[in-house]
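1. Below are the sequence and a predicted model; questions follow.
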Protein chains: 8
Amino acid sequence: MFTVYLSGEIHTDWREQIIDGCKDLKINFLTPVLNHEASDGAGDVLGSEEQGFWRDHKSSKINSIRVKNYIEQCDLAIIRFGDKYKQWNAAFDAGYCAALGKPYITLHGENIVHPLKEVDAQAQAWATKPAQIVELLKYTLS
Amino acid sequence: MFTVYLSGEIHTDWREQIIDGCKDLKINFLTPVLNHEASDGAGDVLGSEEQGFWRDHKSSKINSIRVKNYIEQCDLAIIRFGDKYKQWNAAFDAGYCAALGKPYITLHGENIVHPLKEVDAQAQAWATKPAQIVELLKYTLS
Amino acid sequence: MFTVYLSGEIHTDWREQIIDGCKDLKINFLTPVLNHEASDGAGDVLGSEEQGFWRDHKSSKINSIRVKNYIEQCDLAIIRFGDKYKQWNAAFDAGYCAALGKPYITLHGENIVHPLKEVDAQAQAWATKPAQIVELLKYTLS
Amino acid sequence: MFTVYLSGEIHTDWREQIIDGCKDLKINFLTPVLNHEASDGAGDVLGSEEQGFWRDHKSSKINSIRVKNYIEQCDLAIIRFGDKYKQWNAAFDAGYCAALGKPYITLHGENIVHPLKEVDAQAQAWATKPAQIVELLKYTLS
Amino acid sequence: MFTVYLSGEIHTDWREQIIDGCKDLKINFLTPVLNHEASDGAGDVLGSEEQGFWRDHKSSKINSIRVKNYIEQCDLAIIRFGDKYKQWNAAFDAGYCAALGKPYITLHGENIVHPLKEVDAQAQAWATKPAQIVELLKYTLS
Amino acid sequence: MFTVYLSGEIHTDWREQIIDGCKDLKINFLTPVLNHEASDGAGDVLGSEEQGFWRDHKSSKINSIRVKNYIEQCDLAIIRFGDKYKQWNAAFDAGYCAALGKPYITLHGENIVHPLKEVDAQAQAWATKPAQIVELLKYTLS
Amino acid sequence: MFTVYLSGEIHTDWREQIIDGCKDLKINFLTPVLNHEASDGAGDVLGSEEQGFWRDHKSSKINSIRVKNYIEQCDLAIIRFGDKYKQWNAAFDAGYCAALGKPYITLHGENIVHPLKEVDAQAQAWATKPAQIVELLKYTLS
Amino acid sequence: MFTVYLSGEIHTDWREQIIDGCKDLKINFLTPVLNHEASDGAGDVLGSEEQGFWRDHKSSKINSIRVKNYIEQCDLAIIRFGDKYKQWNAAFDAGYCAALGKPYITLHGENIVHPLKEVDAQAQAWATKPAQIVELLKYTLS
């Protein structure tokens, strides 16, 4: 069983496209929590915070339990950068993978090639479409 | 001798402020190559490339020789996010530090607290001014 | 299958509350030996000791076979500090987790926040009630 | 040069006794910040906090920069448990050492042998007086 | 289940001989992609390249996703050097195994003993025929 | 499933006693090849050697494929020293375990306590009878 | 001080060109033993061997003491493939570097780009002339 | 500076022969405590023990502080087996080196080749005379 972690953008259907395209392959797909509001409020159960920084802090640390475990378990990570938002967490995941020696593939448009050059430099590949990721996975598991 | 790596934004004088404020401390400060043009063209000596992606790729991999060694040598990294640009390389460095267990402190304005929440969650501290970093270093080496 | 190690206090039913609350989740819960007398006498089968120090020494080293293996296998540790006893073994487990990069959550009352500050500082979260741990596990595995 | 980290109790002169007794040996002694108030307020420079938990959190994470680096640099840690306070940070440091495979010696009275049994079980030795530590260091560097 | 990675030459039937000879053993055999043309063009789905260097680069990095994972998963690698071609990738795999501490056995003719001396020096054994590998596997799993 | 590696003496039935005593426990017992002659001649299939040193060398390296994998897989090693022979391989296995942080228990008579002091010092326990090992395993898996 | 290991071809003056070009930089250059005959006979002092395989074996293992230590000490390796010989040891060193995460640069002609594709794929750069290596080192240490 | 750890037999002058032969080389030689009585009583300063096992235990753990640090610091270990005693600690050190990937050379007579086969199998070389070790060190540092 090959394990793939799908990191990054949560507002388009790129994960579904990849998972759907690979339905005949033995792949265990892992993702972070994809519900934006639930993710931002992951720590609220521990008590409310007046300052935004501490609310974010509590939630991010709880989210990292899942993210850290899944990155360490995966054989390959796909890291997606969309057109909006800062997406520093995706770049953070890429750096985390690089330090662990986990292979990753980036998925992003041509317009952000230059600012992503350090992230792409450590990647095994750069793809622009989910269908390419599907092809690469089919090949890798052929 | 304590070693500090100064990662991130290269268009303001935050590094000078920190280095200047710590001139009485025994700290070995390390930085990436700070000349933007030289950094973008680090690989040109190996031959020109028609596609921007490959020029970036060659230069980034050469830059990573220095960055990787310096992060692994440091006792602490300071990771600065400024007001402009994508700065995915700074978030990448933070992820790299986190995976290695290298302590790091982030330095950024309050306006980007929310998008940096995953990066801040693994940091030892978040500062908004270089002078605070100087104080923390003085304390740490007291 | 997600694996959770439940470390610390053995005189209240916090483990049962968590395990019970998670009965619909695919979690493999691990614990140290919870029988206080059996644990203190784990080494007696190897011969009796006149000095308390050596009896403790033999038993603790035998207990560490289980504890060490379970901490290294877990994806998350919950570390509980109760109202009584020194509980240095719980803090020891937390330090062990921190050095390995294993995520852990502390579970303790507000009255011991200050003496536990170094232990909490490396934790992914601090909870005061088993029910909060249950919620965090449900979220993490959602 | 042999490096020794002196962890734990800060209210008696055990560190001075050891350092003084070893003045003819080539030992580099490292300690945490020993000023109790400065340590508790290490993070105040980053802004005040209304809740005690967050003030402690910020200060402890800053203190951990020094502690983590010093433990990783040392060849041996001495971990002292005194008669007062919870001292969970000392047990935490011991667990951290154990996971890294760093040798450590505990220094504590006979009255707390039983609650420290897990901490002592992973130690290279248990001493009751600083003068014994001095003898062991003289022997080790003979 | 014992896992064996079969690295190197792809133009003779040495893999089939080994797999066939071990059909009664519980061995999970892993291989790189063995179709030469597919392997050389693994990256073509990401866009064509005018320069041979970059086409090779893209394909090799994609192939390394599989190779790296399989080497890290295996309990033993068999590394085959045939009579033709440079086969630097086989020597590269051997060096990769050596650095990870993965045991490997080389399989090659007597005529290339001298140029392979550094590769053989770190191997657990040197065999000249697939049937010998079969015998060694039967013995190891006896 | 708990995995136990049984290292050392091959001329008495201590392994059978332990395995038999644990038949109601979920333990996966691993051993080296126990047939003395087969073990000494493990490398003969690769060609005969005139010098005893090289015959031993080839056989030992082949045996190490199994031993190394099994030690790395085990949760606990039992290392048995009998009354005869040099048994340096058992002490070698103990050192290997110690460096990896694998817990091990020694099993030997009281008459060789002094020469085994360094080996016992890193062990989790010293037992003199297989029945004690059985009790310790029952306790550990209780 | 930056440390560079110069691996590979020993029959041309590429090492001298690099060392000479970098004489104004603070670089500690390391090399294997470069005397071909001395290297082949490194083990002869331990007794002569009738079989070539064992003579090579003894010498290669002795050479690996130096090579292994120097690769692990270096910040960057330069791996040179010339026009002659099999040079499997150079590819082996590259694989060793890759597994350790040591950055390396390859130095070879355009005619062997295709057979070196797996080796180049993990390199930080591919250069064709020693003068380019000199430029890259000047840049990296600027 | 090259660091060599000299492990094993303490009753002949093999260490002096090697150190003397290498006086023109830049080698930092490390040894365990060589005074037999002092070594056996290393722990006596912590209080006397009635049972021999616990006296040995305390002393061996204290000795391991030095041994562990020196093995981890060395670039090469020389492990000497003499004609007398069990010398299990020397085999233990060899296993420790092997697991860490530290190169070592054994030094022993031909009469104990067979019982040392597992220890020699992981060594970089087997020598019978200190003068050979001197030659190998001169070569390695040439």
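-> Good, I have the coordinates.
2. remind me, longest helix of chain A?
-> helix A:52-73 (DSSP state H).
3. Tell me which other helices or strands that one touches.
-> Using 3 or more CB pairs under 8 Å, 6 or more residues apart in numbering or on different chains; DSSP states H and E, the elements in contact with helix A:52-73 are strand A:2-8, helix A:36-40, helix A:88-100, helix B:117-121, strand C:125-127, helix C:130-140. Bear in mind the C-beta positions are built from the backbone N, C-alpha and C, glycine included.
4. Deepest in the core, which of these is it.
-> Highest mean neighbour count among the helices and strands packed on helix A:52-73 (mean count of other CB atoms under 10 Å in any protein chain shown): helix A:88-100, with a mean of 26.
5. Pick out the residue of chain A closest to chain D.
-> A:Trp54 (6.1 Å; CB to the nearest CB).
6. Not counting its neighbours along the chain, what's nearest that residue?
-> Among residues not flanking A:Trp54 along the chain, D:Trp54 sits closest, at 6.1 Å (CB to CB, 6 or more residues apart in numbering or on different chains).
7. surely A:Ser7 meets A:Asp93?
-> Yes. Taking contacts as CB atoms under 8 Å, A:Ser7 lies within contact range of A:Asp93: 4.4 Å.
8. Could you tell me which residues touch both of these two?
-> A:67, A:71, A:77, A:79 (CB atoms under 8 Å, 6 or more residues apart in numbering or on different chains).
9. can I assume A:Lys102 sits in a strand?
-> No. Using DSSP: H, G, I helix; E, B strand; the rest coil, the assignment for A:Lys102 is coil, not a strand.
10. Spatially nearest residue to it (excluding sequence neighbours)?
-> A:Ala77 (6.0 Å).
11. Check A:Leu137 too.
-> A:Cys22 is the one closest to A:Leu137 (CB to CB, 6+ apart), at 5.5 Å.
12. Can you give me the distance of that neighbour to A:Val134?
-> To A:Val134, A:Cys22 is 6 Å away according to CB to CB, to the nearest Å.
13. So which residues on chain A come close to chain B?
-> Residues of chain A found near chain B (CB under 8 Å from any CB of the partner chain) are A:52-53, A:56-57, A:59-61, A:63-64, A:81, A:85-89, A:91-100, A:112-122, A:126.
14. My read is that A:Leu137 contacts A:Phe29, right?
-> No. In this structure, A:Leu137 is not within contact of A:Phe29 by CB under 8 Å, at 10.1 Å.
15. what do the two both touch?
-> In contact with both A:Leu137 and A:Phe29: A:4, A:18, A:22, using CB under 8 Å, 6+ apart.
16. Okay, the first one and chain E: tell me how far apart.
-> Taking CB to the nearest CB, to the nearest Å as the measure, A:Val4 falls 10 Å from chain E.
17. and that residue, bridged to which residues?
-> A:Val4 has these beta-bridge partners by DSSP bridges: A:Phe29, A:Leu76.
18. Give me the pLDDT for it.
-> Note on A:Val4: pLDDT of 98.
19. what residues are up against it?
-> So A:Val4 contacts A:27-30, A:74-78, A:137 (CB under 8 Å, 6+ apart).
20. Would you mind checking these for buried ones?
-> A:27, A:29-30, A:74-78, A:137 (16 or more other CB atoms under 10 Å in any protein chain shown).
21. Take the residues you listed and lay them out in a markdown table including pLDDT.
-> Putting these into a markdown table (pLDDT from 0 to 100) gives the following:
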| residue | pLDDT |
| --- | --- |
| A:Ile27 | 98 |
| A:Phe29 | 98 |
| A:Leu30 | 98 |
| A:Cys74 | 98 |
| A:Asp75 | 98 |
| A:Leu76 | 98 |
| A:Ala77 | 98 |
| A:Ile78 | 98 |
| A:Leu137 | 98 |
